[in-house]
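> structural data only, the sequence is not supplied:
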C-alpha cells in the first residue's frame, strides 16, 4: 500500500469510542472477519434493522475509503474488532485531529492509516466534502501527505508516522515477523532478566 | 538511581532498541480472557506455533460469563463457544486457566492482584483497556489489541514507542464520603478523555500515599478514561504489606530492589499536574463520556464537556441539578469497584435499610474470592435483607456482553468505568459514581448525596 485515492465520508463527532464503532454485543465471534456489517451498528441502523438514512455512511454515494472524523477517535475499549470492522467495511485511512493510543496501534496493525492533522485542517476537509462530496483525496504514504487538487480547492498537508511503522506498511511486513526474527535476542535477554 | 519509575521499568525490559523511537519490549505477565484472545490463538495455530512462554500467561473467563447459576451450561451459544474456545486453547498451549467456577475465577484485573500474580516492576499486558489497574503495584501495565496478544503469545514481546510521562499529584485531605472513584472521576473531568493521550501517568501525592491498594487500583483502572496508555503508583509499605499476605518468601533484597524503581526526587516528567484534595466532592457523570463528571450537588452546566448529542441521549437538561432524580437500576461491580472494600462500604449503607421498591440492584463481586470473603463477613445477608441481588463474579453490566443488560431508556447508577451510549445495553443510560453514591441511590431510589447516609 503506497497511495490511497478516494472520496471522503465525514463523521463530525468528537470522542467516538470503540463501543460505537463496534458495540459489545458483536464481540462474541472467534473470527476476525464479518464485522463490517456491524460497523457503527447503533447509529447506522434503526431499531427495526433498516438503515438509518440520516447517518453519514448511509448517505455516502461514493463508497469512500477515507473517513474524516472528530477529535480523539477510537477512545475507550481496546477491542481490535473496531479496526477489523473499519477495514472490513472498506475504510483504508482515517483523518482526525487525534487518535486514542490503543486504537491507533490496532489500526496500523490492520493496515488502516490513522492520519492526524491540525483540527483546523480537519475542519477545512469536512467543509470541502460538505460542499462537494465528489472531492478526490489522495493520501501518499511515502511522502506522508494528504492532497486535494480540485479546480476551486487545493489542499496539501503532511502527517507524521513512525518511520518503522511506515516501512512495515509500505513493505507489507508485520510486527510479528520482526519479533519472531529476533527470538535469539529475546532468549538472551531472558537469561539475565529477573522478574 | 535517577529518573521516573516509568522510564526505569521500561529500561529494564528493552530487549532491543529497534530504531530511535521503537523498542522491542519484554512482557513479564500476560493475562488473557475469552473475548480478545481466540483470534490470536488462531494465528498461532495456523502457523503451527506453541505459546512461547505459557508459564507467563494466565487465563480467566470473565467478559461473557453469566452471573447467576454459573454451575449450569452457558445458555448463549456464542458465549459458550468463546468460553469453550478459551478452555481448548489453554489446554492445547499448557496455560493455567481460572475458568468459570474455579476458586480463583473472576475479572482479570481483580484476580491478578489478589492472587499475588501482579508484582512491582513488572510489565503486564492484557487484551483489555483496563489493564492499567495493575499499575497500582508500580508496574507498567496496559491494554493491547488482539494482534498484539498474538505477538506476546508468540514472542513475549511487543514493538512499542516509549511513552511520554505525566505525573498527577493530588495533595491534601479528602472530605467525608469522597472515595477513590470520586478522585478518578474528578481527575478525568479536569483532563478530559484525551488529556493524557500518548502518556503514561504516575499518580502521586498524599492522597495516593494514604490510599489502600484497592483504592489505588480504582484510580489506576480509569487511566484509560483520561486517554493515558496506563497509570501507576509508586511502591511503598502499603504495596509490600498487600503482597506479603499473598506470596511466600519475599526477601528484603527483593523489596529493596522494588523501592529503587520509584521516581527519584529530581525525576523529569513531560507534564506535571497538581490537584487539591479538598476541592474534590462525591462525583457523578452527566453525559455519555467519562469526563462529564460534576460535584453531585452541582448543576449539569458546571461541566463544559457535554455534547448536545450526549445530553439528548441521557435525557438530561443542560441546566439540571440531578439530586432527587429517580433511577431504575444500580450496578455495583466491575474491575473498577468490584472488590471487598467496595462491598464493605456498600454494606455499611445498606445495613438495616431496604432498597427503594422501584429500583433493581445488582451486586456483582469481582471474583469468587471477593464473593466468598463477603459471605464470610455476612455482607451477603445485609444485601439480601436490603433487597439487593448478590451475584456470581464477572464483568456483567459494565459492558453487558452477558445477559446482564440495563433495559433501553432505564437510568442506571453504576460503579463501572464507562457511560458510553449503549454501553450497559442498547438505549441504557449510565451515571458513573462511587460505590457509596450508588448504594445511597439504591436506598433512596433517586440520586442522593451519599454523605447524608454516613455517620
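Everything's here; your move. For clarity, every value in this text was computed on a predicted model and none was experimentally measured. Residues are numbered from 1 along each chain as shown, chains lettered A, B, ... in the order given.

> and the stretch 151-300 of chain B, which of its residues are near chain A?
Within the stretch 151-300 of chain B, the residues that sit near chain A (Cβ under 8 Å from any Cβ of the partner chain) are B:151, B:154-159, B:161, B:193-194, B:197-198, B:224, B:227, B:229, B:289. Backbone N, C-alpha and C define where each C-beta goes, glycine included.

> of those residues, which is the most crowded?
residue B:224 (32 neighbours; other Cβ atoms under 10 Å in any protein chain shown).

> lowest mean pLDDT among the helices and strands of chain A, which one is it?
Lowest on mean pLDDT, DSSP states H and E among the helices and strands of chain A sits helix A:163-171, with a mean of 93.

> just the buried positions in that one, please.
The neighbour-count check on helix A:163-171 (16 or more other Cβ atoms under 10 Å in any protein chain shown) flags A:164-166, A:168-169 as buried.

> and of the residues you listed, the nearest to residue B:395?
residue A:165 (31.7 Å; Cβ to Cβ).

> still on that earlier bit, hmm, who's touching the least confident helix or strand of chain A?
Helix A:163-171 is contacted from outside by A:1-2, A:108, A:111, A:113, A:141-142, A:144, A:161, A:173-175, A:178, B:18-19, B:21-22, B:159, using Cβ atoms under 8 Å, 6 or more residues apart in numbering or on different chains.

> next, find the distance separating residue B:276 from residue B:187.
Relative to residue B:187, residue B:276 is positioned 12 Å away (Cβ to Cβ, to the nearest Å).

> surely residue A:74 touches residue A:18?
Yes - judged on Cβ atoms under 8 Å, residue A:74 makes contact with residue A:18 at a distance of 5.9 Å.

> residue A:68 - that's part of a helix, no?
No - under the criterion used here (DSSP: H, G, I helix; E, B strand; the rest coil), residue A:68 is strand, not part of a helix.

> and residue B:137, how far from chain A?
Distance of residue B:137 to chain A, given as Cβ to the nearest Cβ, to the nearest Å: 13 Å.

> before we move on, back to that, in strands, which of the residues of the stretch 151-300 of chain B next to chain A appear?
Judged by DSSP state E, the subset of these located in strands is B:157-159, B:161.

> for residue B:334, state which of the residues you listed is nearest.
residue B:158 (26.1 Å).

> for residue 175, give me the pLDDT.
Went with chain A since none was named. For residue A:175, the model assigns a pLDDT of 97.

> that's the other chain; I wanted chain B
pLDDT, read off for residue B:175, is 98.

> report the secondary structure state of it.
Residue B:175 - assigned by three-state DSSP - is coil.

> since we're on residue B:410, how many residues are nearby?
Residue B:410, neighbours per other Cβ under 10 Å, totals 17.

> quick one: contacts for it?
B:328-329, B:428-429.

> same list, the ones in strands among the residues of the stretch 151-300 of chain B next to chain A, but as a markdown table with pLDDT please.
Shown next, in a markdown table, are these (pLDDT from 0 to 100):
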| residue | pLDDT |
| --- | --- |
| B:157 | 98 |
| B:158 | 98 |
| B:159 | 98 |
| B:161 | 96 |
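
> what is the burial count for residue 4?
Just going to use chain A. There are 18 residues near residue A:4, going by other Cβ under 10 Å.

> think we crossed wires, I meant chain B
If you count neighbours by other Cβ under 10 Å, residue B:4 ends up with 23.

> rewinding a little: name the residues contacting each of residue B:276 and residue B:187.
By Cβ under 8 Å, 6+ apart, the residues touching both residue B:276 and residue B:187 are residue B:170.

> top helix in chain B by residue count?
Across chain B, the helix with the greatest residue count (assigned by DSSP state H) is helix B:77-93.

> now do chain A
helix A:119-131.

> what helix or strand does residue A:107 sit in?
Using DSSP states H and E, residue A:107 sits within helix A:101-108.

> packing partners for the host helix or strand of residue B:341?
For residue B:341, the host element (DSSP H and E) is helix B:340-350. Helices and strands touching helix B:340-350, as assessed by 3 or more Cβ pairs under 8 Å, 6 or more residues apart in numbering or on different chains; DSSP states H and E, comprise helix B:213-221, strand B:329-332, helix B:368-376, helix B:379-386, helix B:435-444.

> what angle do it and helix B:213-221 make?
100 degrees (axes from the mean of the first three to the mean of the last three Cα atoms, to 10 degrees).

> what's in contact with helix B:340-350?
B:179, B:212, B:214-215, B:332, B:363, B:365, B:370, B:373-374, B:377, B:379, B:382-383, B:385-386, B:388, B:415, B:435-436, B:438-440, B:442-443, B:450, B:453-454.

> now the helix or strand just after it, how far from the chain's geometric center?
Next helix or strand after helix B:340-350 toward the C-terminus (DSSP H and E): strand B:360-363. A distance of 19 Å separates the centroid of the chain from that of strand B:360-363, by Cα atoms, centre = their mean, to the nearest Å.

> ok, stretch B:398-415 next?
17 Å.

> buried residues, it. List them.
B:398-402, B:404-406, B:410-415.

> now stretch A:171-191
A:174-176, A:178-180, A:182, A:186, A:189.

> ok, so of those, who is nearest residue B:89?
residue A:176 (17.5 Å).

> return the residues in contact with the residue lying closest to that closest one once chain neighbours are set aside.
Leaving aside its sequence neighbours, residue A:176 sits nearest to residue B:151 (Cβ to Cβ, 6 or more residues apart in numbering or on different chains; 5.4 Å). Residue B:151 sits next to A:175-176, A:179, B:157-159 when contact means Cβ under 8 Å, 6+ apart.

> leaving out chain neighbours, which residue sits closest to the most centrally placed residue in chain A?
Most central residue of chain A, judged by C-alpha distance to the mean C-alpha position with Cα atoms, centre = their mean, is residue A:94 at 3.9 Å. Spatial nearest neighbour of residue A:94, excluding adjacent residues (Cβ to Cβ, 6+ apart): residue A:67 at 4.7 Å.

> ok, residue B:262 next?
Distance criterion Cβ to Cβ, 6+ apart; nearest residue to residue B:262, sequence neighbours excluded, is residue B:234 at 4.4 Å.

> just checking, the one you found touches residue B:204?
Yes - applying Cβ under 8 Å, one finds residue B:234 in contact with residue B:204, separated by 6.6 Å.

> and stretch B:211-224, which residues are buried?
By 16+ other Cβ under 10 Å, the buried positions in stretch B:211-224 come out as B:211, B:213-224.

> would you turn those into a markdown table with distance to residue B:6 and pLDDT?
Converted to a markdown table, the buried residues of stretch B:211-224 look like this (distance: Cβ to Cβ, whole Å; pLDDT from 0 to 100):
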| residue | distance to residue B:6 | pLDDT |
| --- | --- | --- |
| B:211 | 19 | 98 |
| B:213 | 19 | 98 |
| B:214 | 22 | 98 |
| B:215 | 21 | 98 |
| B:216 | 16 | 98 |
| B:217 | 18 | 98 |
| B:218 | 20 | 98 |
| B:219 | 16 | 98 |
| B:220 | 13 | 98 |
| B:221 | 17 | 98 |
| B:222 | 18 | 98 |
| B:223 | 12 | 98 |
| B:224 | 16 | 98 |
